[in-house]
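*Asks:* Build me a structure from this.
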Amino acid sequence: MGDTEFHAQCRPGMPGDGEGGRPVSRKLRVRQSQTVVPFGVGAVFDIQGESFVATGIGDWPGRSRQKVESPRLASRLGVTGFYAAPATANDRYDTPDAPGVPYIRFPSWLFCGACRRMKRWRIADEKPGQAPRCPSCSQGRTLAPMRFVQICAAGHLGDIDWWFWAHSRREAAERRQCGEREKLRFLVSERASGLEALSVSCSANGCGATRDLLDILGTHGMRCSGRNPWQRTNEATECVKPAQVVQRTAGNLYYPVMHSALDIPETDVGVHDDDALAESVRQHDLWVPLCRDARKPRAAMFREVILEDTGADEELLDALLSEETGQGTSVPGDALAAPARPDLSREEWAAFTVPTPPATRDFALRETTLGLAGETEDPWAGLRRRFGRIVLADRLREVRALSGFTRVSPDATVVPADTTRRLKWLPAVEVFGEGIFLTLDRPELATWENDLRVRQRVAGMRADLDRSFQKDRLEALTGPELAPRFVLLHTLAHLLIRQLSFESGYTTASLRERIYARPEQDQYGILIYTAAGDAEGTLGGLVRQGEPPRLAETLLRMTEAAAWCSADPLCAEHSGQGFGNLNRAACHACALLPETSCEAGNALLDRALVVGGELVPGYLEAIVAAARAAAVTALEQP
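*Replies:* A predicted model of the protein is given here:
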């Protein structure tokens, strides 16, 4: 995989500037993998002083896009398939003006850093071979984009009406007297600082209206345009959501809705292994009506009753419906707008835990151990008792797909990747890597999980989760109930990634996690893997750290490091931190990871469940005590 050229205003080629304002030939590019995340459909992308927004996939070139195979993920999302952005060759063999992913110049309001005039840039103003230039300056200074835009909870993005902002403190009659709507200036005062020093003024004859940007952020009664910048005027909807002014790089401007799946040999892994439960679903009185109306609104009621009566989970029901109907389970019209987050962990867990791991070109596993079979003394014997199966994945293939995005908050209205709602495919990218899969010891986990103190601590986290806006998203990972094992395994994955970043040479942002912790499916393991956007993946550094005795040493150092945080005792004794108080003893100094590495958005973490605390026993607490005792003994010996 490589770069993909992109088009500004749906025109090929984006040349730039040289020294002294002279235009030089250049091409603006974005990594092919970045067209899915973080610069996927709807995201604002800054490059070399210019700003763009990615358009809907309806504008993607049809012939040059690359097909990405992932039947299992496509079936669960109810789409026909996936495509990646067209990749370019290297600099020597590029095809001039090759079709690429279209990006629209946004915001359209630009300003000149010399004369401070503002100009609304239109498609007709684009000139191949030049960046936007000030028409008023003799030197042709490059125009810069305004730093503020407006968004709404319905997923719309638009320019601020700067003329209205400059005149907003005047009466309506006075505003009507100004007939020039684009004679504006973006001024900077040397007598103030911050946003108060910035102002927009009207330079029309006899007007002189002006207003600073001190209180620009927030809602001001501005009207939402009802569309995104790449949508045509006739695609706009009547939007009643309040428009909110934010910086164009604000975190709440774009929340991508991502789905990912590992490429596993489906023929070797059963979709459901509980025949009795599957038969009870098929015999239910509402099974036939559900199959008949699976893609109608009433299907949600049928599903709820069947799940409650039989005890089956969403994953099993979706699998049976796919077998029966031969289709996905999404509702037409909403399939791409807000697809349900499918649970793909069942097949992956089975593939990693079968006695003889399956193998394909893109899924190569081999089982190993911690290398502690002969150890009888702690802490090594304790590590051997608390961990189970170790599997090294020499090669993994992962497909990451973008179904849409939200703005303002993650639980707002989802805008589909195809805003025209005519396409049945999604943008995706395939990445290759390696990983380490490990499980906990099942009897030891059951003993720890049944401790009343553990259950009470996790019950508090469950209560916070029920009140959180992230409830639906996180329940897709945890299952219907938040089990202690999920918090334990999730925190273990974070601690292990942080430790591996020191041991393997990969940064924390290069490593990712997959948590397998659903009690109803008897899961109790984690996968730490790296997936790079290169055709050949990585070079074995992570797998090498999983071989004996390196992994055992890494786990011991991880446990010792987790027992102390530089923010203790505040971190260890915290009763709720992070968004919605969904974390306990977990902060940036000890357990949090980059957002791209974590499935759950750095939520549902508790270091105390791993190493123990004043009120709760930790799963590896005995290892910490044994390691400290061994260290003291070693120091006392002559």
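
*Asks:* Please make it C-alpha for all contacts and neighbour counts, starting now.
*Replies:* OK.

*Asks:* top helix in this structure by residue count?
*Replies:* helix 484-503 (DSSP state H).

*Asks:* Which strands and helices lie in contact with that helix?
*Replies:* helix 442-449, helix 452-466, strand 511-516, strand 525-532, helix 550-562, helix 608-611 (3 or more Cα pairs under 8 Å, 6 or more residues apart in numbering; DSSP states H and E).

*Asks:* Mind jotting down where the helices sit in the stretch 1-150 of the chain?
*Replies:* For the stretch 1-150 of the chain, helices defined by DSSP state H, counting those that start in this stretch occupy the ranges 71-77.

*Asks:* what stretches of it score poorly on pLDDT?
*Replies:* Under the criterion of pLDDT under 70, the regions of the stretch 1-150 of the chain flagged as low confidence span 1-27, 88-99, 129.

*Asks:* same thing with the chain?
*Replies:* Low-confidence segments of the chain, defined by pLDDT under 70, are located at 1-27, 88-99, 129, 266-275, 322-342, 532-539, 638.

*Asks:* Now do the domain split for it, please.
*Replies:* As assigned by automatic domain parsing, the chain contains the domains 1-68+94-106+108-145, 360-627.

*Asks:* what's around the closest residue to Arg191 other than its chain neighbours, how many residues?
*Replies:* Computed as Cα to Cα, 6 or more residues apart in numbering, the closest residue to Arg191 that is not its neighbour in sequence is Ala197, at 7.2 Å. Neighbour count for Ala197, taken as other Cα atoms under 10 Å: 15.

*Asks:* got the buried residues for stretch 515-526?
*Replies:* By neighbour count, with 16 or more other Cα atoms under 10 Å as the criterion, the buried positions of stretch 515-526 are 515-519, 521, 523-526.

*Asks:* Over to stretch 207-220?
*Replies:* Judged by neighbour count (16+ other Cα under 10 Å), stretch 207-220 contains these buried residues: 207, 209-213, 216, 219.

*Asks:* Between helix 442-449 and the longest strand belonging to the chain, find me the angle.
*Replies:* Using DSSP state E to assign secondary structure, the strand with the most residues in the chain is strand 387-406. Orientation note: strand 387-406 sits at an angle of 60 degrees relative to helix 442-449 (axes from the mean of the first three to the mean of the last three Cα atoms, to 10 degrees).

*Asks:* I'd assumed Ser280 was in contact with Leu316.
*Replies:* No: contact status for Leu316 versus Ser280: not in contact, 11.5 Å apart, counting by Cα atoms under 8 Å.

*Asks:* More neighbours: those two, which one.
*Replies:* The neighbour comparison of Leu316 against Ser280 (other Cα under 10 Å) goes to Leu316, with 20 against 15.

*Asks:* wait, is the more buried one part of a strand?
*Replies:* No: assessed with DSSP: H, G, I helix; E, B strand; the rest coil, Leu316 is helix; it does not lie in a strand.

*Asks:* separation between it and Ala192?
*Replies:* 62 Å (Cα to Cα, to the nearest Å).

*Asks:* cool, Ile623 as well?
*Replies:* Distance, Ile623 to Ala192, using Cα to Cα: 58 Å.

*Asks:* Look at these two and report which has more neighbours.
*Replies:* Ile623 (22 against 10).

*Asks:* Quick check: which helices or strands does the host helix or strand of that one pack against?
*Replies:* According to DSSP states H and E, Ile623 maps onto helix 621-636. Under the contact criterion of 3+ Cα pairs under 8 Å, 6+ apart, the helices and strands touching helix 621-636 comprise helix 380-386, helix 550-562, helix 608-611.

*Asks:* Distance from the chain centre to it, please.
*Replies:* Mean-position distance between helix 621-636 and its chain equals 40 Å (Cα atoms, centre = their mean, to the nearest Å).

*Asks:* tilt between that helix and helix 550-562?
*Replies:* In this structure, helix 621-636 runs at an angle of 90 degrees to helix 550-562, with the same axes, to 10 degrees as the basis.

*Asks:* Need the residues that contact helix 621-636.
*Replies:* Contact with helix 621-636 is made by 378-379, 382-383, 556, 559-560, 563, 610-612, as judged by Cα atoms under 8 Å, 6 or more residues apart in numbering.

*Asks:* Can you select the buried ones from those residues in ChimeraX?
*Replies:* Selecting just the buried residues from those in ChimeraX takes one command, with 16+ other Cα under 10 Å as the test:
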select :378,379,382,383,556,559,560,563,610,611,612
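
*Asks:* of the contacts of helix 621-636, closest to Cys587?
*Replies:* Each of those was checked against Cys587 using Cα to Cα; the closest is Ala563, at 13.2 Å.

*Asks:* nearest spatial neighbour of the closest one, skipping sequence neighbours?
*Replies:* Among residues not flanking Ala563 along the chain, Val611 sits closest, at 5.8 Å (Cα to Cα, 6+ apart).

*Asks:* how about that neighbour, what does it touch?
*Replies:* Val611 sits next to 559, 562-563, 617-621, 624 when contact means Cα under 8 Å, 6+ apart.

*Asks:* three-state assignment of Arg366?
*Replies:* Under the three-state scheme (three-state DSSP), Arg366 adopts strand.

*Asks:* what's near enough to touch it?
*Replies:* With contact taken as Cα under 8 Å, 6+ apart, Arg366 is in contact with 357, 391-394.

*Asks:* please redo it, this time with the cut-off set to 10 Å
*Replies:* 352, 356-359, 390-394 (Cα atoms under 10 Å, 6 or more residues apart in numbering).

*Asks:* from these, which is closest to Gln150?
*Replies:* Gln150 lies nearest to Ala393 out of those, by Cα to Cα, at 45.3 Å.

*Asks:* residues contacting that closest one?
*Replies:* In this structure, Ala393 makes contact with 352, 362-367, 433-437, 527-529, 540, 542-543, 546, judged by Cα under 10 Å, 6+ apart.

*Asks:* how does it look with 7 Å?
*Replies:* With contacts defined as Cα atoms under 7 Å, 6 or more residues apart in numbering, the neighbours of Ala393 are 364-366, 434-436, 543.

*Asks:* Kindly report the same for Phe106.
*Replies:* Listed by Cα under 7 Å, 6+ apart, the contact partners of Phe106 are 51-53.

*Asks:* Would you indicate which residues of the helix holding Ile623 are buried?
*Replies:* Judged by neighbour count using 16+ other Cα under 10 Å, the buried positions of helix 621-636 are 621-627.

*Asks:* same deal with stretch 159-166?
*Replies:* Within stretch 159-166, the residues that count as buried by 16+ other Cα under 10 Å are 159-160, 162-163, 165-166.

*Asks:* Take those and lay them out in JSON lines including distance to Asn252 and secondary structure.
*Replies:* Formatted as JSON lines, the entries for the buried residues of stretch 159-166 read as follows, by distance: Cα to Cα, whole Å; DSSP: H, G, I helix; E, B strand; the rest coil:
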{"residue": "Asp159", "distance to Asn252": "16", "secondary structure": "coil"}
{"residue": "Ile160", "distance to Asn252": "17", "secondary structure": "coil"}
{"residue": "Trp162", "distance to Asn252": "22", "secondary structure": "helix"}
{"residue": "Trp163", "distance to Asn252": "25", "secondary structure": "helix"}
{"residue": "Trp165", "distance to Asn252": "22", "secondary structure": "helix"}
{"residue": "Ala166", "distance to Asn252": "25", "secondary structure": "helix"}
